[in-house]
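**Student:** here's a sequence, model it:
(chains A and B)
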Protein chains: 2
Amino acid sequence: MSSFLPPDPAVERRIRELGENLFARMDASPAPGIFSKKGAYARVMEWSMRDPAFKTQLFRFVDVLPSLPSSAEIVRHLQEYLGDQAVELNPAMKAGLAASSFAPALIAGPVKRNVVAMAQQFVAGETPDDLVQQLRANARRGIATTIDLLGETVVSEAEADHFLQRNLAVLDTVSAALAREPAPASSDTGAGGVPLPRLNLSVKISALTPDVHPADPENSIAALKKRLRPILRRAHEVGAFINFDMESYKLKDLTLALFKSILEEEAFRAQPAIGIAIQAYLRDGERDLRELIAWARKQQRPIGVRLVKGAYWDYETVLARQRDWPIPVWSQKPASDANFEKLSVLLLENADLIAPAFATHNVRSVAHAIAQAERLGVEPRVYEFQALYGMADELKTALIQTGQRVREYCAIGELLPGMAYLVRRLLENTSNEGFLRQKNMGEATREQLLANPVDSLAQSKGESGKSKPLSDSPAPSAPPLSPSAFRNAPNTDFSQSAPRERQRAALASVSAALGRRHPLVIGGKRIADRAWIASTNPARPTQIIGHWARATITDADAAVAAARAAFPAWRATAADERATIIGRAADLMAARRFELNALEILEAGKPWIEADADISEAIDFCRYYAREMRQLDRPRVTQAVPGERCVQRWTPRGAGVVIAPWNFPLAILCGMTVAPVVAGNTVIMKPAEQTSVLASALMDIFVEAGVPAGVINLLTGFGEDVGAHLVAHPQLDFVAFTGSRSVGLKIWETAGRTLPGQANLKKVVCEMGGKNALIIDNDADLDEAIPATLYSAFGFSGQKCSALSRLIVLEHVHDEFVARLLAAAATLPIGDPALPGTVIGPVIDAVAQAKILGLIEQGKREAKVAWQATLPPAVGAGSGHFVPPTIFTQVKPEAAIAREEIFGPVLTVIKVRDLDEAIAVANATDYALTGGLFSRSPRALERVERELMVGNLYLNRGITGAIVERHPFGGFKLSGGGTKAGGRGYLENFLFPRAIAENVLRRGFTPPEAGVAVE
Amino acid sequence: MSSFLPPDPAVERRIRELGENLFARMDASPAPGIFSKKGAYARVMEWSMRDPAFKTQLFRFVDVLPSLPSSAEIVRHLQEYLGDQAVELNPAMKAGLAASSFAPALIAGPVKRNVVAMAQQFVAGETPDDLVQQLRANARRGIATTIDLLGETVVSEAEADHFLQRNLAVLDTVSAALAREPAPASSDTGAGGVPLPRLNLSVKISALTPDVHPADPENSIAALKKRLRPILRRAHEVGAFINFDMESYKLKDLTLALFKSILEEEAFRAQPAIGIAIQAYLRDGERDLRELIAWARKQQRPIGVRLVKGAYWDYETVLARQRDWPIPVWSQKPASDANFEKLSVLLLENADLIAPAFATHNVRSVAHAIAQAERLGVEPRVYEFQALYGMADELKTALIQTGQRVREYCAIGELLPGMAYLVRRLLENTSNEGFLRQKNMGEATREQLLANPVDSLAQSKGESGKSKPLSDSPAPSAPPLSPSAFRNAPNTDFSQSAPRERQRAALASVSAALGRRHPLVIGGKRIADRAWIASTNPARPTQIIGHWARATITDADAAVAAARAAFPAWRATAADERATIIGRAADLMAARRFELNALEILEAGKPWIEADADISEAIDFCRYYAREMRQLDRPRVTQAVPGERCVQRWTPRGAGVVIAPWNFPLAILCGMTVAPVVAGNTVIMKPAEQTSVLASALMDIFVEAGVPAGVINLLTGFGEDVGAHLVAHPQLDFVAFTGSRSVGLKIWETAGRTLPGQANLKKVVCEMGGKNALIIDNDADLDEAIPATLYSAFGFSGQKCSALSRLIVLEHVHDEFVARLLAAAATLPIGDPALPGTVIGPVIDAVAQAKILGLIEQGKREAKVAWQATLPPAVGAGSGHFVPPTIFTQVKPEAAIAREEIFGPVLTVIKVRDLDEAIAVANATDYALTGGLFSRSPRALERVERELMVGNLYLNRGITGAIVERHPFGGFKLSGGGTKAGGRGYLENFLFPRAIAENVLRRGFTPPEAGVAVE
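**Tutor:** Purely as a prediction, here's the structure:
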């Protein structure tokens, strides 16, 4: 606990005095509000606090409500959400819900009005005029104001421009209005009677540009500054104070860097008055604040710091756990409180330069700040408290009464973009651990409410309480959900500078060592006297990655012989040892991650995060299949029978060939290889020609990991000759293939023929293409649907079998959605994938480029090109295999571009009447690989879950990026044989089951477990 | 408890007095014995009682010991058994075991001597001379004797003849010796001084013939009488008393019937003196005894009854549980004791005609009999006590001292056949619940040892205690091992007369209604205007079973259209409802079991129990797949991820064709149909031509169960035209096939071709032939191996893909084993399968008959015909498709008859040097279906479990008769695709997996399970 502030008895006594005083004053002037138990929604909120399922469904309904165009839709959604069987309803609610079908208009009106009323609790108004009213009202109560413009997500330059204009307009309008306003609020006067800027504007940084890429801070900061400068200039002109809001963790470093960087620009070294938020719930909080103070001292720049606890705890925790990244926030609520107190002291100690603003509704936190200020001799007017509009009004009044400065954070804007804000406020008010709920619902005593959070921590013994900065003492990753749970290899967090620099360095060192020769590996022997084929960088075809040996038919036969020869000993090797060797290969890949990333970026033209995810997946395949094999190796009792031991075990199939594609050049090749190998089979790897150098690196890793000679053989070569020869080979027992439909069908057919001398029916694990659809429902959350659509369609230039190809949009939302989508598409960074900000790189080779361009031409005859990127000069003029990303609208479902797999950055948009038609269109394809739906209708989600015929269905998220174990991957129809890579059961494709029944009854007696004899 | 004797205080008091008196006398004359703590084996026995694993391994070692030919083999087995890691050894044993490798001869000798010494404890000698010595010694102690000849299993007429001769010889030798013996034992004098027969011989009925078939009591009794009559005649001549021993439950009714039947023969109405054992541990005991007494009264025939508790409790319990038959024995030890007391009273009440012999070592049981005799006024010389040689000698002495008659049961014979007897005695002495152990190890007080068993039952509350006869109140079947466990449908127990009569009646009624016409069923419509093809009885080809409609190609296309049309609605039908419908089909089959059995006996030529097992399997498939589908229908969480719901679900493939064989005409057709159907697919059934009438009956059941029109279609027709057409049909998604290798490979190839318009890669579930091997190790238990071999090879005339075809016998045991095998083979009953005793019936048709006969001719050129049955006149002369079962020896592994599937009653025997060669020969085949090993070497069993490459491996049992869930069935290599019918995972062949990932994070908040927000 020592890292937080050690409790100081004098301070604690003073906090108690101050707190009791504040509580007494608050009791004297209770303001109406969410906890008033009046208001129509009060009962609903109370119910929410009793039934978490109701709360979830209610808030989800609130979230979707503004997008619903009719009473019928409102009632339908209300019924779908609250009719969920997990939800408890009281009899009145039940009756109301049941009645709503009969009179939608009668119900929908009041429901909407109630939600609007709820929103009005927290949103000060819609227009700058509303705001001026509020400023005036606040001033009368002595309260200063900071303004927040609702509207959080911008997906296009136009939307960012609009946000900029709104900020500028507020600065203009409000400053003009304030000029006519004679009396400032008492809180607008600082220490020594110095007037503070009466116009105080909080700015959401993420809304300044659609073009934020945490992995590419340089360009992101440049883009942000373009819109930030006019705001700062205008603020300077009108004498306003600008505060940088702090949002999600992934933008935090970027926001801090932007803040420092722009204030170092000549124009802003001294003006305007400016501040930034620091989140105490972050483990990084102290380090960031210390660095910020040091920077300000060096710059001699007075700044404000708004200390908040942080509003995204759930989100940050969930995201970090999903990615197995260190959890950036304290895991226990009292740790955030304790950190808030520590940072409060830090701010007060630096109050000569830093203007502290304590943004909290927690009376303990408030009293602590005052007590520490007293102890440090910081006078009250030097710092201020901030609280949200519509919340904790009693506290604001009490603070004003005791001579403190108070500023209210007033959000203004429309209901629709404001819903996220409303939901956050509702969560805050109803959170189990929240101060407001605990106080107002009487769930904690005043004693408890004023207790030192460090003491609570000591009692709970949960959190280590170390407040050391993250870099010194890494925060723990989330504990696995069960001790035996499989853990995916975490992707690299390129929003952190250290891994970014390592990746840059690896790119440099790998680039410097290109051009080597990569021999065949057959039975442990390296065969180098073959024709050498160059592998080149798709972004810069003149750059040779390396040369690979071209295998001959004789080599293929030799590889078969080697694999067959190695089989008996490998089969006899204990499963645990095989798993250990494959686990070692995973460890080697993890150790060489940045080098492998670099090689893949260069040879496959993959953007950083895509290459990085491919390496993670390769590692995952090794570890997951190794773990699965250890489990499969334990004989499973088929039926508990007395007197007979009945078990099922597995035995490997034999030797096989793995034919892999270039688009996930490490993961798919590795996964299709290690699955059979860990299961005891031997394998010939036939990698894609385009990524044979990376395959050679993988082979080296297998050798180094201790895979015996002949168990894995590397046969670089051409599919048409050695590939086809191996598929037909009677001495191979299986083929694992991922690639095109035409080759897949040919393999399927070839394998059907059982040749003389063949030991087994040939097994084919076959994964082919896709023509994947995403449905956008009328009530979809477009802010989420748009980036998900773009990334699904254009990530790695659409060269994924999972890529989105057919966007099916319901009529009502079609035009709005498509307009925003097209505008957003224009922000996609196209370029050399070696640059960290690139989202769209080249396609794999000239053949692919020509084919895709041809399909685009064909598409122009069938549909309307709604958008096509202009290639940036850097790549447009070069020899790289770039294809401009293209979106077709007005596409008929039966058009060729809506039916044939393109495997490039081309998206078709199909407008449909309703969900029935959407599902019908989505299913009307030869393929069944991935698909998805964005909707906020529980019934629509359920229906699509049942009816959309795809192997991998994604709901309310992008449709690519399957993760091992989590999203077993593979499809059916002409997308594949229904196998699931990275899923339970995949290994069984490479095994034969054997059932064993042993009679254990001898002379009428059985082993002890089966019973005992009687006399 | 009321059904057992109600406790009588006066009797209880007297029992206590008598018991204390006996105990006091026993203490005064302790005899050396197993509990003496002297003897070298005493320590070993003590260890056995402490460690059940040691006990099991020790007794198994004792069991195999006599078959081991060398010191090296003895030491190897000792190490294998006692080196098992489950076994605890004390340090001395460990050291001895470790040392044994270095000096096998030094260790093996003492080990063997100790076991022999142990055996000598219980076996009175090897020869009649030994016996006479013992008789004399007994007589000196006042003890009478009954003689038992060891040697329990006879597999051939020769062995039965030998047993008969031994019995006759004993009667002669001993009677002659006794004639020279002046003084009878005091126990040889009955009430009123009447001398009793001094020569008393116990006869094991099962050893009188190899030809006992409980399902065919008439013929079995006739066979038994052939050798029983000479014994009875000789007994009469020499004045001996003959006692029928009672063995396993399945022979009990037969033994009682034999007893009554032979005594009703004129020659034996009055002579010889005779008795029979009644087992009190059977729930049937009271009913049997009452019937026996009633019969004796009616016949006015004095008889003896030896009341025993029963020595096969473990075996009977295990067997009944394996078969899910009512457990014939009381489940709790005190219930057997209580029943013994009740039957004791019954005997004493009828002592005017029935001479009671109480065979027990339990002092309470003894004292109870005496007390009840006193109460009933039955004088002591009217009844006698019996006890085993080598056990309870103190009790014998005490009883003689108190004026009771005592008879000792003396086993004589060789060590080898005596081992089963020895092991039973060891188990008896070491059983936790046994009186001897409890008394002699001091595990119970005298109070407890003399307590009324009814009181113990009341305390334990376990057993219902009802002693009503089994037929009035059926005994409970074994409880399932877990409440949710799958329960196989029990086969019919044809050793019971009621089901036998039902089967006879069903055969009569079905035979009377043959010859009907069976139309196609397509989309719910019955199509009858097609060519009619007759189906005939293979045993009597002139008998027409029925006529089936021959489908045309147009019909096949119509069936495809019907299956496709029915698919969407059936897929959308809830899995639970589909499962309910299929469950209903199972219930209908169970209700019509005897009719279906009859139809199968007539149409497929299957013997009763084979047909009956086929119906059970069909029922099991329905219920098992229904249960599996209900489980698969629950979405499975792939990975627990906060903020994302990740599950895997399944969706059916579409429509398919099922092509079934005639050899399991109901089970395989039904299983291959209901698996896809319950999974939501639709199906066209193409049954084998030979058994299309039975298929039509199955179709009727599906319709009656509520399978909607079009979901299952019946297309009787010829494989060459409609079968081939359907396999190639682009609108079918899967083929489920079981049949010949040539057709299977053709289907596999055809399905490889993906035609235009085809929705999915065509899935083939393909089960083909076998050439199955069974290895006989040198230390195999030949008594078990011989019947298992014969049934595996010749059951249903070898017409099973699982049938044994290659018997691989290790050199050392080869000649002995083969000689016994050939002799045993000659006892196999060949005939019309409609007769209940038939084991070998006809083959399916004239084509098969000609083909098999041809292969036998070919075999004659490659190997030696060691045995070929002569067809009995009844079938040899008829037109039935009979083939004489044939055994070839001196077969080379590479001979055609050792490589090609024969599918008929032909067995090849291959001699090999050792286990290495045995495994190599077993694996050197195109097939990998079933296989097995008989061995008593733990290491050999382990090795074969790892190395014998078959889908279904059977250890120390027959290699046919897979049971659903227990033995998932199917092979690999050219036996099949590695699928497992009746196993977990089979349904997945007819399903596609779908992975669903739903982002449940909305506006940064997650459902309650994922965590809570902080303030």
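**Student:** nearest to chain B: which residue in chain A?
**Tutor:** The minimum distance from chain A to chain B, using C-beta to the nearest C-beta, falls at residue A:752 (2.1 Å). Where C-beta positions appear, they are placed from N, C-alpha and C, glycine not excepted.
**Student:** which residues sit in contact with that residue?
**Tutor:** Going by C-beta atoms under 8 Å, 6 or more residues apart in numbering or on different chains, residue A:752 touches A:762, B:748-753.
**Student:** which one of those residues sits closest to residue A:71?
**Tutor:** Distance ranking of the contacts of residue A:752 against residue A:71, using C-beta to C-beta, places residue B:751 first at 54.4 Å.
**Student:** residues of the helix or strand harbouring the closest one that come out buried?
**Tutor:** Mapping residue B:751 onto the secondary structure by DSSP states H and E places it in helix B:741-752. Within helix B:741-752, the residues that qualify as buried by neighbour count (16 or more other C-beta atoms under 10 Å in any protein chain shown) are B:741, B:743-752.
**Student:** and if you look at stretch A:865-872?
**Tutor:** Within stretch A:865-872, the residues that qualify as buried are A:866-869, A:871, counting by 16+ other C-beta under 10 Å.
**Student:** pLDDT averaged over it - what is it?
**Tutor:** Taken as a whole, stretch A:865-872 has a mean pLDDT of 96.
**Student:** straight-line length of that stretch, end to end?
**Tutor:** Terminal residues of stretch A:865-872 are spaced 19 Å apart (C-alpha to C-alpha, to the nearest Å).
**Student:** which other helices and strands contact whichever helix or strand residue A:17 is part of?
**Tutor:** Here residue A:17 sits within helix A:9-28, counting by DSSP H and E. Applying 3 or more C-beta pairs under 8 Å, 6 or more residues apart in numbering or on different chains; DSSP states H and E, we find helix A:9-28 packed against helix A:363-376, helix A:393-401, helix A:446-449.
**Student:** could you give the mean pLDDT of it?
**Tutor:** For helix A:9-28, the per-residue pLDDT averages 95.
**Student:** where does chain A dip in pLDDT?
**Tutor:** Low-confidence segments of chain A (pLDDT under 70): A:1-2, A:30-42, A:152, A:415-417, A:460-483, A:1008-1015.
**Student:** just checking, what's the longest helix in it?
**Tutor:** As assigned by DSSP state H, the longest helix anywhere in chain A is helix A:608-632.
**Student:** that helix: how far from the chain's middle?
**Tutor:** The offset between the C-alpha centroid of helix A:608-632 and the centroid of the whole chain comes to 19 Å, using C-alpha atoms, centre = their mean, to the nearest Å.
**Student:** mind listing what's buried in it?
**Tutor:** If you call a residue buried by 16+ other C-beta under 10 Å, then helix A:608-632 has these buried ones: A:608-630, A:632.
**Student:** please see if that helix touches chain B.
**Tutor:** No. For helix A:608-632 and chain B, the contact criterion (C-beta under 8 Å from any C-beta of the partner chain) is not met; the two come no nearer than 10.3 Å.
**Student:** got the residues of the stretch 701-850 of chain A near chain B?
**Tutor:** Those residues of the stretch 701-850 of chain A that sit near chain B, judged by C-beta under 8 Å from any C-beta, are A:745, A:748-754, A:759-761, A:763, A:766, A:781.
**Student:** what is the nearest of those to residue A:884?
**Tutor:** Looking at those and their distance to residue A:884, the nearest is residue A:781, at 28.8 Å (C-beta to C-beta).
**Student:** the nearest residue to the closest one once chain neighbours are set aside sits in which helix or strand?
**Tutor:** Of all residues not flanking residue A:781 in the chain, residue A:936 sits nearest, at 6.3 Å (C-beta to C-beta, 6 or more residues apart in numbering or on different chains). Residue A:936 is part of no helix or strand when elements are defined by DSSP H and E.
**Student:** and residue A:866, by the same measure?
**Tutor:** Assessed by DSSP H and E, residue A:866 sits inside strand A:864-868.
**Student:** which bits of the stretch 151-300 of chain A sit near chain B?
**Tutor:** Taking C-beta under 8 Å from any C-beta as the criterion, the contact residues of the stretch 151-300 of chain A with chain B come out as residue A:281.
**Student:** for the stretch 151-300 of chain A, what spans make up the strands?
**Tutor:** Along the stretch 151-300 of chain A, counting by DSSP state E, counting those that start in this stretch, strands occupy A:200-203, A:241-244, A:273-279.
**Student:** on contacts alone, who are the packing partners of the helix or strand where residue A:111 lies?
**Tutor:** For residue A:111, the host element (DSSP H and E) is helix A:104-122. Using 3+ C-beta pairs under 8 Å, 6+ apart as the contact criterion, the elements in contact with helix A:104-122 are helix A:39-50, helix A:71-82, helix A:91-100, helix A:415-430.
**Student:** can we see that at 6 Å?
**Tutor:** Identification of packing neighbours for helix A:104-122 by 3 or more C-beta pairs under 6 Å, 6 or more residues apart in numbering or on different chains; DSSP states H and E yields helix A:39-50, helix A:71-82, helix A:415-430.
**Student:** so that helix versus helix A:415-430, what angle?
**Tutor:** Between the axis of helix A:104-122 and that of helix A:415-430 there is an angle of 70 degrees, by axes from the mean of the first three to the mean of the last three C-alpha atoms, to 10 degrees.
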